[in-house]
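>>> Any chance you can model this:
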Amino acid sequence: MRIGILQCGQSPDVLKASLGDYPDMFTRLLADRGFEFQNWHVEAMQFPEHVTDADGWLITGSRWGAYEDHEFIPPLEDFIRRAYEARVPLVGICFGHQVIAQALGGKVIKHPDGWAVGAQDYDFGGEKIVLNAWHQDQVVSLPEGAEVAGRNAFCENAALIYSDRAYSVQAHPEFDDAFVQGLIDHRAKGKVPPELLDAAKARMGQSNDSPLLAEQIEAFFKQPRAIAKGAA
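Modelled structure (predicted):
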């Protein structure tokens, strides 16, 4: 199964050599699951020609807000809507989670309660799941067709499922502790309150549920579905 990665941001340059860029992280997360990957750097305006150029699409995180004025966001939203109508499955992570919701009629804001950084506990249908997070923006209004699949007290819409068409998660299953530490060292200064950084550091080294999220993403992509006729 061919998965197209729609890259919406970049790992800090200082971390790329040792920890990789966002597509590398997803390739590692979903390794040995029967997928082959192709990357389109949509942040740099590199888009697929057709929504059927891959069997499924994975939309990465980004340092940008989905609601901000950036050249790549309107064509990305248009691509999301076309893929959704064509029933080509979409998975979104962090910014990807947000931009899918926004493209389909939801609302994303810079949340007044601030940041989630490092390991966070989520409720996925009664099951506790621990994932690394790094975000201030949140989906605060759901589009039609979206149902909440995961939440916590800080982030009510932490995971969304849109039937068999899209699955999105606010947290970062692709981020390991080393990458979170790198973000703390190179992107957090002057942005994230020190007490949140201390709390994130205190939870490093504990197990998290990234493998379980990888299983969920695999199952979502592989479930049987019919691609709509005339998809382009």
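
>>> if I look at the residue nearest to Lys222 when sequence neighbours are not counted, how far off is Ala226?
Leaving aside its chain neighbours, Lys222 sits nearest to Met1 (6.7 Å; criterion: Cβ to Cβ, 6 or more residues apart in numbering). All C-beta spots, glycine's among them, are computed from the backbone N, C-alpha and C. Met1 is 15 Å from Ala226, where distance means Cβ to Cβ, to the nearest Å.

>>> Look at those two and report which has more neighbours.
More crowded of Met1 and Ala226, by other Cβ atoms under 10 Å: Met1, with 14 against 7.

>>> thought that one was touching Gly34?
Yes. Checked against Cβ atoms under 8 Å, the pair Met1 and Gly34 is within contact range at 6.0 Å.

>>> Which neighbours do the two have in common?
Contact criterion Cβ atoms under 8 Å, 6 or more residues apart in numbering; residues shared by Met1 and Gly34: Lys222.

>>> Which residue, other than its chain neighbours, is closest to Pro75?
Pro75's closest residue in space is Phe47 (Cβ to Cβ, 6+ apart), at 6.1 Å.

>>> and the gap between the one you found and Gln138?
26 Å.

>>> Those two: which is more packed in?
Using other Cβ under 10 Å, the more surrounded residue of Phe47 and Gln138 is Gln138, with 22 against 16.

>>> distance of the most centrally placed residue in the chain from Phe154?
The residue lying closest to the centre of the chain (Cα atoms, centre = their mean) is Ile93, at 0.5 Å. From Ile93 across to Phe154, the span is 18 Å (Cβ to Cβ).

>>> re the thing from before, show me the contacts for the residue nearest to the centre of the chain.
Contacts of Ile93 by Cβ under 8 Å, 6+ apart are 26, 58-61, 168-169, 171-174.

>>> Same question for Ser207.
Val130.

>>> Please, where are all the helices along the chain?
13-19, 22-29, 73-86, 95-103, 177-186, 194-202, 210-222 (DSSP state H).

>>> What average pLDDT does the shortest one get?
The predicted model gives helix 13-19 an average pLDDT of 94.

>>> what residue ranges in this structure score low on pLDDT?
227-232 (pLDDT under 70).

>>> give me the number of residues near Glu144?
8.

>>> if you skip the residues just before and after it, what's nearest to it?
Nearest non-adjacent residue to Glu144, counting by Cβ to Cβ, 6+ apart: Gly105, 6.1 Å away.

>>> And that neighbour, how far from Arg225?
22 Å.

>>> Same question for Lys189.
Taking Cβ to Cβ, one finds Lys189 at 44 Å from Arg225.

>>> More neighbours: which of these two?
Between Lys189 and Arg225, counting by other Cβ under 10 Å, Arg225 is the more crowded of the two (14 against 10).

>>> residues in contact with that one?
Here Arg225 is in contact with 87, 89, 164 (Cβ under 8 Å, 6+ apart).
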